[in-house]
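Trainee: Everything below, folded, please.
(one chain, ligands or ions: 1)
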Amino acid sequence: MAQTVVPGSSLGDNRPTYIYKMVLLGSTSVGKSSLAYRYVKNDFKESLPTVGCSFFTQTIQLETATIKLEIWDTAGQEKYHSVCHLYYRGAHAALLVYDLTNKETFNRAKQWLMELEKEFLPDEIVIALVGNKTDLADEREVAAEDGEEFARSRSLLFMETSAKSNHQVNDIFMAVAGRGTSFGSVLIFVLDVTRFGTKGRIPLVLEGARGAGRDAVEPGRAGGRPPPSIPCSVGLEQQLGTPDRAHPEQCCIASHDALQRGGTAGTANPIWPKGCPVQGAAWSQGLTTALRQRGGQGDKASLVAAC
Ligand SMILES: Nc1nc2c(ncn2[C@@H]2O[C@H](COP(=O)(O)OP(=O)(O)OP(=O)(O)O)[C@@H](O)[C@H]2O)c(=O)[nH]1
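Mentor: Model prediction:
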């Protein structure tokens, strides 16, 4: 399993930071944002359809290392499909979510899988098939056995969840993180109920970090993904009220998305979530940094080439 490791950034803190990118894919309204919200906030609320992609991070401080879980919640609406591959690029794990009350979304999840299989080698990414909305048992259109059987035939993790009733939400995130440890023996996550309790949001602890993954990089080294460094806040981060430091790569991708659809890469980007506190200068700065890290300039041609 590929993780990125960077040296600790705080003064006197030499612990490495491992970055683990997890992407949520699936049709619109299957509950991707709700699952992420439940996992991060342990709550459920109505949310608007995702625009482009929401991104947030969850940091886990451990004795020997820091784990930074990057969760990329993609938009399921078809109009965003053409740019989705930009979001799952470099992912270590993917949750393929369908709505078990809507068979069409199950079929769509199978198509997502085919796309992932074109992009990744089998041992490059952990994939889980997730049937969401178990609380709507009376409306079920996809039998649990069908989901399970398909997952088994393709060696995927499988779980049915309900973001609404909080059924197996922690479990699926944990299972995916746990599976990630079986590749390359880089990280071992174990449940630490003594520290977090069984209802802890991220009951994970690193038991042993035995060196860097094969794509481990040092900051600034060519070929590696840059560490998050630009103040920015988008999508779910914003909804959660927990502004974070956005990934320059996301600023780049969002801008590329806008350009593809005839928008501009400037601060007036029509797709940028309304009310985003960093709609202006901070986002531009993030974009500029992303471009520089890719060796480009801040013009449209460089942006498209870089992304
Ligand atoms: N009953 C029930 N409703 C759910 C559940 N999860 C999500 N929903 C509802 O399904 C609808 C869509 O949820 P979202 O989380 O926005 O779906 P999404 O997959 O992120 O949608 P896009 O952003 O368009 O891709 C909302 O009305 C949610 O309240 C669930 O587990 N049970």
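Trainee: okay, CA-based contacts and neighbour counts for the rest of this
Mentor: Fine.
Trainee: tell me which residues in stretch 76-86 are buried?
Mentor: For stretch 76-86, burial by neighbour count (16 or more other CA atoms under 10 Å) applies to Gly76, Tyr80, Val83, Cys84, Leu86.
Trainee: ah, wrong one, I meant stretch 95-103
Mentor: If you call a residue buried by 16+ other CA under 10 Å, then stretch 95-103 has these buried ones: Leu95, Leu96, Val97, Tyr98, Asp99, Leu100, Thr101.
Trainee: Which residues are in contact with the third one?
Mentor: Looking back up the chat, that one is Val97. Listed by CA atoms under 8 Å, 6 or more residues apart in numbering, the contact set of Val97 reads Leu24, Leu25, Gly26, Ser27, Val30, Gly31, Lys32, Ala109, Leu129, Val130, Gly131, Asn132.
Trainee: what bridges to the residue lying closest to the third one once chain neighbours are set aside?
Mentor: Of all residues beyond its chain neighbours, the one nearest Gly26 is Val97 (4.9 Å), with distances taken as CA to CA, 6 or more residues apart in numbering. Here Val97 shows beta-bridge partners Gly26, Val130, assigned using DSSP bridges.
Trainee: Give me the distance between Val97 and the ligand.
Mentor: Taking CA to the nearest ligand atom, to the nearest Å as the measure, Val97 falls 8 Å from the ligand.
Trainee: Same check on Ala109?
Mentor: For Ala109 relative to the ligand (CA to the nearest ligand atom), the value is 12 Å.
Trainee: Give me the pLDDT value at Thr101.
Mentor: Looking at Thr101, its pLDDT is 97.
Trainee: show me what contacts it?
Mentor: By CA under 8 Å, 6+ apart, Thr101 lies in contact with Lys133, Leu136, Glu139, Arg140, Glu141, Val142.
Trainee: residues in contact with the spatially closest residue to it that is not a sequence neighbour?
Mentor: Nearest residue to Thr101, sequence neighbours excluded (CA to CA, 6+ apart): Arg140, at 4.2 Å. By CA under 8 Å, 6+ apart, the contact list for Arg140 reads Leu100, Thr101, Asn102, Thr134.
Trainee: and if we set it to 10 Å?
Mentor: Contact analysis of Arg140 by CA atoms under 10 Å, 6 or more residues apart in numbering lists Asp99, Leu100, Thr101, Asn102, Lys103, Lys133, Thr134.
Trainee: and Asp146, how many neighbours?
Mentor: The number of residues packed near Asp146 is 11, by other CA atoms under 10 Å.
Trainee: should've said Trp112
Mentor: Other residues close to Trp112 by other CA under 10 Å number 17.
Trainee: Could you do Leu121 as well?
Mentor: If we define neighbours as other CA under 10 Å, then Leu121 has 9 of them.
Trainee: three-state assignment of it?
Mentor: Secondary structure state of Leu121, per DSSP: H, G, I helix; E, B strand; the rest coil, is coil.
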